[in-house]
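Visitor: Here you go, sequence then predicted model.
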Amino acid sequence: MKNEGKKPEIFERMGLTRKNLFIFAAGIISILLGYFSLAIGKTNDVWSLTIGPILLVLGYVVLLPIALAYKDKKSHLPQK
């Protein structure tokens, strides 16, 4: 049990926390749902024209950059 209770080394070097991973996963899910809604709707359907693009913008422009830029305030405090 070498890494018991520890974050993987790559996450420590990048400064990623569990919250970052949850936000990133939400972004990926939003993107997948956006493409799925584009595929299921007809050409002039509300799914293809409104909901799909909103989900794609939410995933690409909002959630993924937040997941990469988010820093926990607790993780920047000096360790004793």
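Guide: Structure's in. What do you need? Source: prediction; values computed, not measured.

Visitor: any idea how far residue 43 is from residue 49?
Guide: 9 Å (C-beta to C-beta, to the nearest Å). C-betas here are computed from N, CA, C, even on glycine.

Visitor: next one: residue 29
Guide: For residue 29, the distance to residue 43 (C-beta to C-beta) stands at 25 Å.

Visitor: neighbours around the closest residue to residue 66 other than its chain neighbours, how many?
Guide: Leaving aside its chain neighbours, residue 66 sits nearest to residue 23 (5.7 Å; criterion: C-beta to C-beta, 6 or more residues apart in numbering). Using other C-beta atoms under 10 Å, residue 23 is surrounded by 20 other residues.

Visitor: Identify each buried residue in the top helix by length along the chain, please.
Guide: Longest among the helix segments of the chain by residue count, using DSSP state H, is helix 18-40. Buried positions in helix 18-40, judged by neighbour count with 16 or more other C-beta atoms under 10 Å: 20, 23, 24, 26, 27, 30, 31, 33, 34, 37, 38.

Visitor: For the third one, give me the pLDDT.
Guide: Going back to what we said before, that points to residue 24. pLDDT, the model's per-residue confidence, is 94 for residue 24.

Visitor: tell me the contacts of it?
Guide: Taking C-beta atoms under 8 Å, 6 or more residues apart in numbering, we find residue 24 in contact with 63, 64, 67, 68.

Visitor: and those residues, which of them are in helices?
Guide: 64, 67, 68.

Visitor: and those, which are buried?
Guide: The buried subset of these - by 16+ other C-beta under 10 Å - is 64, 67.

Visitor: can you list the ones in helices among the contacts of residue 24 in JSON lines and add distance to residue 57 and pLDDT?
Guide: JSON lines is the format used below for these (distance: C-beta to C-beta, whole Å; pLDDT from 0 to 100):
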{"residue": "64", "distance to residue 57": "11", "pLDDT": "95"}
{"residue": "67", "distance to residue 57": "15", "pLDDT": "92"}
{"residue": "68", "distance to residue 57": "17", "pLDDT": "89"}
